[in-house]
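Trainee: pasting the sequence and the predicted coordinates here, then a few questions.
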Amino acid sequence: MRKKLGYEGRQKLVGTSFIAPWVIGFLAFTAFPLFYCLYMSLNKVTFMTDHLQMEWLWFENFRKALLEDAEIPNKLLQTLGQSAIIIPIIVVFALIMALMLNAKFPGRGLFRAIFFLPVVLTSGNLISILTDQGQGTISFLQSDTAQALIANLSGTWGTALKTVLANFLVILWYSGVQMLLLIAGMQSINPSTFEAARIDGAGKWEILWTITLPALMPFIFISIIYTIVDQFTTSYNPVLEVITSHSRSINTGYGYASAIAWLYFSLMLIILGVIILIFRKSLGIIGSSKRRPS
Amino acid sequence: MAEKKRRRITVRYALHRLRHIKASTVVILLLLTIVAAVSILPIIYIISNAFKPLSELFLYPPRLFVRSPTLQNFYEFFYSTDVSAIPLSRYIFNSLFVMIVTVAMTLIFSSACAYAFSKMRFPGRKWMFDMIIIALMFTPEAVVITRYLIVSNLHMINTYFAHILPHLALPIGVFLMKQFIDQVPDSLCEAAKIDGANEVRILLNIIIPTVLPAVGAVMIIAFQNVWSDITTSTFYMVDESMKTLPYFVSTLSNALAVASVARKGAVAAAGLLLFLPNFLIFAMLQKSMIETMVTSGIK
């Protein structure tokens, strides 16, 4: 006879079985490597033919990275500065585009489709094919057609436009997913709320600030988190290049690379913590799912 | 006669609608057109690059459009595998197989996990989700060697498992899904439960259709993660016949630096071929997602 579990017991059982496959994979391929990496960062790691030789160093690797190696603090600060600029730009851009794409106008579907394209484009291979002619400058900007377009403008304006275009493309490429999330968020707002506001005499601008944006907060938060993760983990990131090069070098070795990786990781956690603190008031969604009064 | 009259009415109606387009709409359309034009440029570039003869590929400054298109690059690419013992089809099969299995399993695992985190109560729920948020920041580059140790200890070197398993536990996937499922009212699930649906059915028939945009986003992220990845081929596969297409293309472009100049054409053709699945995913999601987004009414 089947034993009847109580509602609570059943919830526990089903819940656990739903998360189990994911959590096992997560522990094996993400959590464990991460902590093993922490352990290695406290060691000097040498590769022998059949095993790894560890030599316990305490915090020597961290001290060396922060105090002796001028490159590491520099690169970390550089990344921090860059992300402080690029992350708000990407999120605000995505928000503006999402607001525009959510308005009613002819050909909306087509435009949405076009903006969706960069999302599928941003896989590593394609970007490297596009950028293989110079670092950062996108090669087709130097093409005849683009040059002809730019040449029509006078000198200073032309250069300015070129810089904007080059950066604009990067912003465009990295804001596709956020755009998508924000549009989805806007559509989850009940249309009757807008109607009620309109009947009460609210203007478009007021509706945007008092209804749309507050309701979008959870989605803006998701977009910011996604942007941070995306920016910090693209393999074109300067710090990641340093980590990769150190893990291959014989002098410094994998222990040192792990130490840099953990420094980098902590930096990201601090940024994430700050964002969560900022949004805590307007959300309160971290860790516990919000129970909305029905 | 009646036909003509009807047409005249339609035309008049269209004109009427045109006249009522507001100035703000025109501004929006104009801005969007500019941005759209820019975002299409890279795609034009990839496509026309694949058909450029060598003389045009090495032209500086490069041209956006091809002048005298040729299929030479594709021949070059297909014959480039002649030197290695592995046929091109093998790389393509590996890539497609790994990609399809990984994306499908990532979707299943993340949605089940996110649903449980969002709507169920079970021990350890809170700290486990905190852990996922921390893991969002995780960069695979930093732990290549530790992952290698795990893969080799599980005896997965040279198997498809090593291609697939490391990609499955995607923290951002669970995070995105959970935040969207949080927005689905609990009363909807409870109503289904009262009607006798079990958790699997609630997930498949209620949750997934309501959070389709999130499903699409996770699908794209998972796809890009696995499709462009060459680390699994580089580190976990010793046997050449187990490696993937992007890996093969990357060896072509590396060879380019030292040896043959002619490979540049093959790389350009490969770029277009690698782009095709991206485009297919786009075509697929564009239907199921951008359109349904309008009706994904969570009230």
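Mentor: Perfect, I can see it now. Everything numeric here is computed off the predicted structure, so don't read it as measured data. Residues are numbered from 1 along each chain as shown, chains lettered A, B, ... in the order given.
Trainee: which stretches of the chain have low pLDDT?
Mentor: Reading this off chain A. Applying pLDDT under 70 to chain A picks out residues A:1-5, A:47-52, A:118-167, A:169-170, A:234-237, A:249-252, A:282-294.
Trainee: wait, chain B
Mentor: Regions of chain B meeting the criterion pLDDT under 70 cover residues B:1-7, B:9-11, B:13-21, B:58-64, B:80-85, B:137-142, B:253-263, B:286-299.
Trainee: tell me the domain boundaries of it?
Mentor: Following automatic domain parsing, one finds the domains of chain B at B:2-74, B:81-259.
Trainee: pull the distance from the last one to the chain's centre.
Mentor: For domain B:81-259, the gap between its own C-alpha mean and the chain's C-alpha mean amounts to 11 Å (CA atoms, centre = their mean, to the nearest Å).
Trainee: thinking again about what came up before, any idea which of the domains of chain B is most buried?
Mentor: Compared across the domains of chain B, domain B:81-259 shows the largest average neighbour count, a mean of 19 (mean count of other CB atoms under 10 Å in any protein chain shown). For the C-beta atoms, the positions are set from N, CA and C on the backbone; glycine is no exception.
Trainee: nearest to residue A:186, of the domains of chain B?
Mentor: Nearest of the domains of chain B to residue A:186, taken as CB to CB: domain B:81-259 at 10.8 Å.
Trainee: for residue A:44, name its beta-bridge partners.
Mentor: residue A:55 (DSSP bridges).
Trainee: okay, now it: neighbour count?
Mentor: A count of nearby residues for residue A:44, using other CB atoms under 10 Å in any protein chain shown, gives 17.
Trainee: again with residue B:269
Mentor: Residue B:269, neighbours per other CB under 10 Å, totals 25.
Trainee: for the closest residue to it other than its chain neighbours, give its distance to residue B:276.
Mentor: Excluding the flanking residues, the one nearest residue B:269 by CB to CB, 6 or more residues apart in numbering or on different chains is residue B:73, at 3.7 Å. Distance, residue B:73 to residue B:276, using CB to CB, to the nearest Å: 15 Å.
Trainee: could I get the full set of strands for chain A?
Mentor: A:43-47, A:52-56 (DSSP state E).
Trainee: what helices or strands is the last one leaning on?
Mentor: Here strand A:52-56 is seen to pack against strand A:43-47 when contacts are counted using 3 or more CB pairs under 8 Å, 6 or more residues apart in numbering or on different chains; DSSP states H and E.
Trainee: now do the strand it packs on against strand A:52-56, angle only.
Mentor: Put simply, strand A:43-47 runs at 160 degrees to strand A:52-56, going by axes from the mean of the first three to the mean of the last three CA atoms, to 10 degrees.
Trainee: now find how far off-centre strand A:43-47 is within its chain.
Mentor: Using CA atoms, centre = their mean, the offset of strand A:43-47 from its chain centre is 32 Å.
Trainee: try stretch A:15-35
Mentor: Relative to the centre of its chain, stretch A:15-35 is centred 21 Å away, using CA atoms, centre = their mean.
Trainee: could you confirm whether it reaches chain B?
Mentor: Yes - using CB under 8 Å from any CB of the partner chain, we find that stretch A:15-35 touches chain B at A:15-16, A:18-19, A:21-23, A:25-26, A:28-34.
Trainee: which other residues reach that stretch?
Mentor: Contacts of stretch A:15-35 with the rest of the structure, by CB atoms under 8 Å, 6 or more residues apart in numbering or on different chains, involve A:265, B:109-110, B:112-113, B:115-117, B:120-123, B:125, B:128, B:131-132, B:135, B:138, B:143, B:146-147, B:150, B:165-166, B:168-169, B:171, B:174, B:199.
Trainee: one more time with 7 Å
Mentor: Under the criterion CB atoms under 7 Å, 6 or more residues apart in numbering or on different chains, residues B:109-110, B:112-113, B:115-117, B:120-122, B:128, B:135, B:138, B:143, B:146-147, B:150, B:165-166, B:168-169, B:171, B:174 lie in contact with stretch A:15-35.
Trainee: over to stretch A:109-119?
Mentor: Contacts of stretch A:109-119 (CB under 7 Å, 6+ apart): A:97, A:101, A:172-173, A:176-177, A:179-180, B:32, B:36, B:39-40, B:43, B:220, B:282, B:286, B:290.
Trainee: let's see which of these end up in helices.
Mentor: Mapping those onto helices (DSSP state H) picks out A:97, A:101, A:172-173, A:176-177, A:179-180, B:32, B:36, B:39-40, B:43, B:220, B:282.
Trainee: can you give me the neighbour number for residue A:74?
Mentor: Applying other CB under 10 Å, we find 11 residues neighbouring residue A:74.
Trainee: likewise for residue A:273?
Mentor: By other CB under 10 Å, 11 other residues sit near residue A:273.
Trainee: what's the answer for residue A:226, then?
Mentor: Using other CB under 10 Å, residue A:226 has 25 neighbouring residues.
Trainee: what residues does it make contact with?
Mentor: Applying CB under 7 Å, 6+ apart, we find residue A:226 in contact with A:177-178, B:172.
Trainee: from chain A, how far out is the closest residue to residue B:272 other than its chain neighbours?
Mentor: Using CB to CB, 6+ apart and skipping residues adjacent in sequence, the residue nearest residue B:272 is residue B:50, 3.7 Å away. Distance of residue B:50 to chain A, given as CB to the nearest CB, to the nearest Å: 10 Å.
Trainee: so residue B:50 sits against residue B:271, correct?
Mentor: Yes - counting by CB atoms under 7 Å, residue B:271 is a contact partner of residue B:50 at 6.4 Å.
Trainee: any buried residues in stretch A:229-243, and which?
Mentor: Across stretch A:229-243, burial judged by 16 or more other CB atoms under 10 Å in any protein chain shown covers A:229-233, A:237, A:239-240, A:242-243.
Trainee: can you tell me which of those is nearest residue A:58?
Mentor: Checking the buried residues of stretch A:229-243 against residue A:58 by CB to CB gives residue A:243 as the nearest, at 20.8 Å.
Trainee: now do the same contact list for the closest residue to residue B:178 other than its chain neighbours.
Mentor: Once flanking residues are discounted, residue B:178 sits nearest to residue B:114: 4.1 Å by CB to CB, 6+ apart. Going by CB under 7 Å, 6+ apart, residue B:114 touches B:174, B:177-178, B:181.
Trainee: what's the spacing between residue B:114 and residue B:177?
Mentor: According to CB to CB, residue B:114 and residue B:177 sit 3 Å apart.
Trainee: same check, this time on residue B:166
Mentor: Separation of residue B:166 from residue B:177 (CB to CB) stands at 20 Å.
Trainee: now swap in residue A:109 and tell me
Mentor: Counting by CB to CB, the gap from residue A:109 to residue B:177 is 25 Å.
Trainee: what about residue A:210, how many neighbours?
Mentor: Around residue A:210 there are 12 residues (other CB under 10 Å).
Trainee: err, residue A:274, not the other one
Mentor: Neighbouring residues of residue A:274 were enumerated by other CB under 10 Å; the total is 10.
Trainee: which residues touch it?
Mentor: Neighbour list for residue A:274: empty [criterion: CB under 7 Å, 6+ apart].
Trainee: so where do the helices sit in the stretch 151-299 of chain B?
Mentor: B:160-168, B:171-182, B:186-194, B:199-202, B:208-210, B:212-227, B:231, B:245-258, B:263-285, B:292-295 (DSSP state H, counting those that start in this stretch).
Trainee: out of those, which is closest to residue A:38?
Mentor: Closest to residue A:38 of the helices of the stretch 151-299 of chain B, according to CB to CB: helix B:171-182, at 17.6 Å.
Trainee: okay, angle between the strand or helix carrying the residue nearest to residue B:178 and helix B:263-285 too, please.
Mentor: Following DSSP states H and E, one finds residue B:114 within helix B:88-119. Angle between the axes of helix B:88-119 and helix B:263-285 is 40 degrees (criterion: the same axes, to 10 degrees).
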